[in-house]
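Participant: Here you go, sequence then predicted model.
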Amino acid sequence: GNVGSLTYPAQCSSIKKNGYVVIKDRPCKVVETSTSKTGKHGHAKVHMVAIDIFTGKKLEEICPSTHNMDVPNVTRTEYPLLDISDDDFLSLMLPDGSTKEDLRLPAGETGDKIRELFDQGKEVIVGVLSAMGYEEAKSYKEDTTK
């Protein structure tokens with residue numbers, strides 16, 4: 001399937017808090033922006049603080065407000081969890097009935113909770129975030145419709 005463009009350009013001044021932006025080739029979520037005028041004839045500059053959506057690392061960028069920055073196309077897809085392998089890979093069910101088995105159980109509390117619910121025999125839906133060719137299981141919920 002054609003995923004289309006991984007990023008699209010947006011004017012720096014239009015990118016707001018909680019929006020997404022690419023900094024140092026990484027997809028990030030903006031946590032803070034501030035604009036400063038540099039002087040009588042200078043252009044306003046936007047100072048952006050953002051968190052890498054996959055590593056959680058903090059990145060900063062300063063760019064003239066009229067310049068473009070890349071914004072990542074971020075998608076969130078939910079898949080039913082079928083199994084967790086011995087080496088912590090998730091087996092997720094795709095809409096066509098096939099399985100997706102290339103994502104790891106997330107580290108930390110999210111992963112612990114997914115495993116706990118799964119071990120209890122609950123139906124778990126896993127939320128997968130993808131951007132710029134990266135993919136990660138980021139969230140979960142119990143499927144209570146079953």
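Facilitator: Looks like it arrived, so ask away. Numbers count the residues shown, from 1 in each chain.

Participant: Tell me the pLDDT of the residue of the chain positioned farthest from its centre.
Facilitator: Among the C-alpha atoms of the chain, the one most distant from their mean position (C-alpha atoms, centre = their mean) is that of residue 40, at 38.9 Å. Looking at residue 40, its pLDDT reads 71.

Participant: What is the burial count for the residue lying closest to residue 44 once chain neighbours are set aside?
Facilitator: In this structure, residue 44 finds its nearest non-sequential neighbour in residue 65, 4.4 Å apart by C-beta to C-beta, 6 or more residues apart in numbering. The C-beta positions use only the backbone N, C-alpha and C, and glycine is treated the same way. Other residues lying near residue 65 total 16 when counted by other C-beta atoms under 10 Å.

Participant: Equivalent analysis for residue 30, please.
Facilitator: Applying other C-beta under 10 Å, we find 19 residues neighbouring residue 30.

Participant: And it, which helix or strand is it part of?
Facilitator: Using DSSP states H and E, residue 30 maps to strand 26-36.

Participant: Against residue 63, how distant is residue 71?
Facilitator: Between residue 71 and residue 63 the distance is 13 Å, computed by C-beta to C-beta, to the nearest Å.

Participant: All the helices of this protein, in order from the start?
Facilitator: Assignment of helices within the chain using DSSP state H yields the ranges 108-119.
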